[in-house]
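Enquirer: Curious how this folds, go ahead:
(3 chains)
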Amino acid sequence: MSQGLTSDSDDSDKFEWESDGEAAPSSAPALRNLDAPGPSTLERQSSNGWANGEATSTSLVEEYVTMGFPKEMVVKGIKEIGHDDANALLELLLTYKVLGDEGALGNCSTSGCACPNVQDDDDDDLDFDNWDNDNDTGGREHNSDSSGDEDFLQEMSAKDEKINLLVGMGFSEDEANMAMTTCGVDADLCVLVDSISASWVAGDCHSRNLFDDQVMDRCFDSFGERKKARLMEERKKKRKRYGGGAHGNRSSLDGSDDEQMLLPNPMVGFNLPGYRRPSVMRMLPQQAIGPPFFYYENVARTPRGVWETISRFLYDIEPEFVDSMHLSAAARKRGYIHNLPIENRSPLLPLPPKTIFEAFPHYKKWWPSWDPRRQFNCLQTTMASAKTTERIQCLLARSSNPPPPSVQKYVIDECRKWNLVWVGKNKVAPLEPNEVEYLLGFPRDHTRGVGKTERYKSLGNSFHVDTVAYHLSVLRDMFPNGVSVLSLFTGIGGGEVALHRLGIHMRAVVSVEIGEANRRILRGWWDQTQTGTLIEIADVKSLTPDIIASYVGRFGGFDLVIGGSPCNNLAGSNRHHRDGLEGEQSSLFYHYFRILDVVKSAMARM
DNA sequence: CTCACTCGGATAGAAGTC
DNA sequence: GACTTCTATCCGAGTGAG
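Expert: Numbers count the residues shown, from 1 in each chain, chains lettered A, B, ... in the order given. This next block holds a predicted model:
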């Protein structure tokens, strides 16, 4: 099961970068088709039952056990928050694991999954330390708690029915779950509604707990008290304004009750070529220190609280926020959490062009003087339609020269929004895929061979190669004999391209990527440029602890775990499902943490 | 307050397949 | 002709800076 394709390419490693086509890095989360068939039994179980709510709770428990969670932990998790919200459940289990690893006590819940002051305390005396050693999914003796499991499973259906009713009334699932926890499963519906209303009046303290406060105080104490108070006040106002609308309060699961992490200005991370912050020193928490090195990426501008949650799971490491506009001709605001050294970094040479005209001198010819843009905005996954560019052309043709300010403003706004370039008199056009490849640091035609729409999408989801390579450059001297890499959410292989451009040999890459086109792109590039072993796997969910351990054993551990999890539910462009970390795609972040944690454990045993 | 920016999604209709 | 797949087009809100 879950076998990847293995390629031991023996082609030469002499991949030539085109002199006029230098591209930069990217290996971010590309289009992830969650419906695509995966190789593993696990995935089939998941899509059959869980999503439809038809799976028996027994198989649900088994599924999480397969992922490496102890059975008691899974049952407790389902008891606490139900089984409908898979992402919340996964987050809760991982939180248990984090708390267990830290030796914390058992009455902490995830940031908002359950009411902190009303716990089902009767069975909470759990031994977190022993959970990790309990991999026996079979005939294990029940403890005193599990005799009630069958009753509990039956009870859940009644609970779910009420939750569905509350959700149907416009309350969020979090709120419904919380009310059930507070008032009990047998509580009348109107009592549950009253409970939720009361929690609004009380502000947002209902979803905070001791664990959150401790962590936040420890990690983000730079946040001023006055600002804290102001944000708390604003959130209260907002809740009142939005009332009980289903989308009015989606905060608790993504940790957005926590304080907002401020983005630096200028957004240059710990340092960048030409933007050296004065003597940045950082002390990594003990748990964060490798092996392996790891590198995580996502969009910088997320809904509130997301980066705090990500940081909390990734060993409380402070994110490094970088806008690639300082290293290229296009903006790309991203956050990176990693445990790499930050001293003695070196950029890829030659440095990429930092303005539009340096990158594409020929566009100067038709560029009107009233278009002040010198850099592109973020390269996204979709491009302007022909209708849009046609409208602009017609509008300009009917206008004077130069056009009146109102027309200028409209045109500039559209150009900024869609990253249009001037290709003729009054004529604008979207960037071509090979131009996007160039701006992002990929070799020319890296994505060629798949449909144009697919190319834009994969590139838009990708890393900026030069930025990532700058951060990874410290590995070159540390691993003169090459690295073995676990690449999650590989996309079109931005991380791999970055390592290659740095001259770092990849002995082995285990790549996990759901998109078939992206896997094909990576393999095409690998076979041309690499001599190491490439193993391609479709779905992160299929990476069970056993499989991970087998790869750890086979390759003598991983030197680097790299990946950017899906941003679909975090990105501002998403009008429909910007749901934060609990979103359908973005919740896959928790698998990044889960897998990284398993790798760390397996390597610690080596 | 205004302004600028954002690794996207749903849908209808076209195009392809059987 | 039914069905699937691909493509083009349209669709604001959340957030922070000034």
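Enquirer: Within range of DNA strand C, give me the residues from chain A.
Expert: Residues of chain A lying close to DNA strand C (Cβ under 7 Å from any atom of the strand) are A:247, A:256, A:260, A:262-263, A:265, A:301, A:303-304, A:382, A:385-388, A:451-454, A:572-575, A:578. To be clear about C-beta, it is placed using only N, CA and C from the backbone, and glycine gets the same treatment.
Enquirer: Which single residue of chain A approaches DNA strand B most closely?
Expert: Using Cβ to the nearest atom of the strand, the closest approach of chain A to DNA strand B is made by A:Gly572 at 2.0 Å.
Enquirer: Now do the SS call for A:Ile514.
Expert: What DSSP: H, G, I helix; E, B strand; the rest coil gives for A:Ile514 is coil.
Enquirer: what stretches of the stretch 251-400 of chain A score poorly on pLDDT?
Expert: Residues of the stretch 251-400 of chain A that meet the criterion pLDDT under 70 lie in A:251-260, A:277-279.
Enquirer: Let me see the ranges of the helices in it.
Expert: Taking DSSP state H, counting those that start in this stretch, the helices of the stretch 251-400 of chain A run over residues A:306-313, A:356-359, A:386-398.
Enquirer: Identify, out of the ones you listed, the most deeply packed stretch.
Expert: Most buried of the helices of the stretch 251-400 of chain A by mean neighbour count (mean count of other Cβ atoms under 10 Å) is helix A:306-313; its value is a mean of 25.
Enquirer: hang on, the residue of chain A closest to DNA strand B packs against A:Asn377?
Expert: No. In this structure A:Gly572 lies outside contact range of A:Asn377 using Cβ atoms under 8 Å: 11.7 Å.
Enquirer: quick revisit: mind listing which of the residues of chain A next to DNA strand C are in strands?
Expert: In strands, judged by DSSP state E, none of the residues of chain A next to DNA strand C are found.
Enquirer: And the strands in the stretch 201-350 of chain A?
Expert: In the stretch 201-350 of chain A, the segments counted as strands under DSSP state E, counting those that start in this stretch are A:271-272, A:275-276, A:293-299, A:320-323, A:333-338.
Enquirer: Format the ones you listed as a markdown table; extra columns: mean neighbour count and distance to DNA strand B.
Expert: Below are the strands of the stretch 201-350 of chain A laid out as a markdown table (neighbours: other Cβ atoms under 10 Å; distance: least, Cβ to the nearest atom of the strand, whole Å):
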| stretch | mean neighbour count | distance to DNA strand B |
| --- | --- | --- |
| strand A:271-272 | 20 | 17 |
| strand A:275-276 | 12 | 18 |
| strand A:293-299 | 26 | 3 |
| strand A:320-323 | 24 | 8 |
| strand A:333-338 | 22 | 5 |
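Enquirer: burial measure for the nearest residue to A:Pro352 once chain neighbours are set aside, as a count.
Expert: Distances taken as Cβ to Cβ, 6 or more residues apart in numbering place A:Ser328 nearest to A:Pro352, at 4.9 Å, with adjacent residues excluded. A total of 28 residues lie near A:Ser328 under the criterion other Cβ atoms under 10 Å.
Enquirer: so what's A:Ser328 up against?
Expert: A:Ser328 sits next to A:24, A:352-354, A:439-441, A:464, A:466-467 when contact means Cβ atoms under 8 Å, 6 or more residues apart in numbering.
Enquirer: ditto for A:Ser458
Expert: Taking Cβ under 8 Å, 6+ apart, one finds A:30-31, A:447, A:450, A:491-492, A:515, A:517-518, A:521 in contact with A:Ser458.
Enquirer: Just the ones in helices from those residues, please.
Expert: Residues of the contacts of A:Ser458 located in helices (DSSP state H): A:517-518, A:521.
Enquirer: any chance of those residues in CSV, plus distance to A:Arg373, neighbour count and pLDDT?
Expert: Compiled in CSV, the ones in helices among the contacts of A:Ser458 are given as follows (distance: Cβ to Cβ, whole Å; neighbours: other Cβ atoms under 10 Å; pLDDT from 0 to 100):
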residue, distance to A:Arg373, neighbour count, pLDDT
A:Ala517, 31, 20, 94
A:Asn518, 30, 30, 96
A:Ile521, 30, 26, 96
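Enquirer: mind putting these in a markdown table, distance to A:Leu596 included?
Expert: Compiled in a markdown table, the ones in helices among the contacts of A:Ser458 are given as follows (distance: Cβ to Cβ, whole Å):
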| residue | distance to A:Leu596 |
| --- | --- |
| A:Ala517 | 26 |
| A:Asn518 | 21 |
| A:Ile521 | 25 |
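Enquirer: So which residues on the stretch 151-300 of chain A come close to DNA strand B?
Expert: Contact residues, the stretch 151-300 of chain A versus DNA strand B (Cβ under 7 Å from any atom of the strand): A:297-300.
Enquirer: any idea how far the closest residue to A:Glu358 other than its chain neighbours lies from DNA strand C?
Expert: Leaving aside its sequence neighbours, A:Glu358 sits nearest to A:Ala329 (Cβ to Cβ, 6+ apart; 6.7 Å). A:Ala329 sits 21 Å away from DNA strand C, going by Cβ to the nearest atom of the strand, to the nearest Å.
Enquirer: Also A:Met603?
Expert: Note on A:Met603: its distance to DNA strand C, by Cβ to the nearest atom of the strand, is 36 Å.
Enquirer: Isn't that residue up against A:Phe294?
Expert: No. Counting by Cβ under 8 Å, A:Met603 does not reach A:Phe294; the two are 11.4 Å apart.
Enquirer: Overlap in contacts, these two.
Expert: Common contacts of A:Met603 and A:Phe294 (Cβ under 8 Å, 6+ apart): none found.
Enquirer: what's the helix or strand where A:Glu496 lies packed up against?
Expert: Taking DSSP states H and E as the criterion, the element that holds A:Glu496 is helix A:494-501. For helix A:494-501, the packing partners by 3 or more Cβ pairs under 8 Å, 6 or more residues apart in numbering; DSSP states H and E come out as helix A:465-472, strand A:483-488, strand A:506-512, helix A:516-529.
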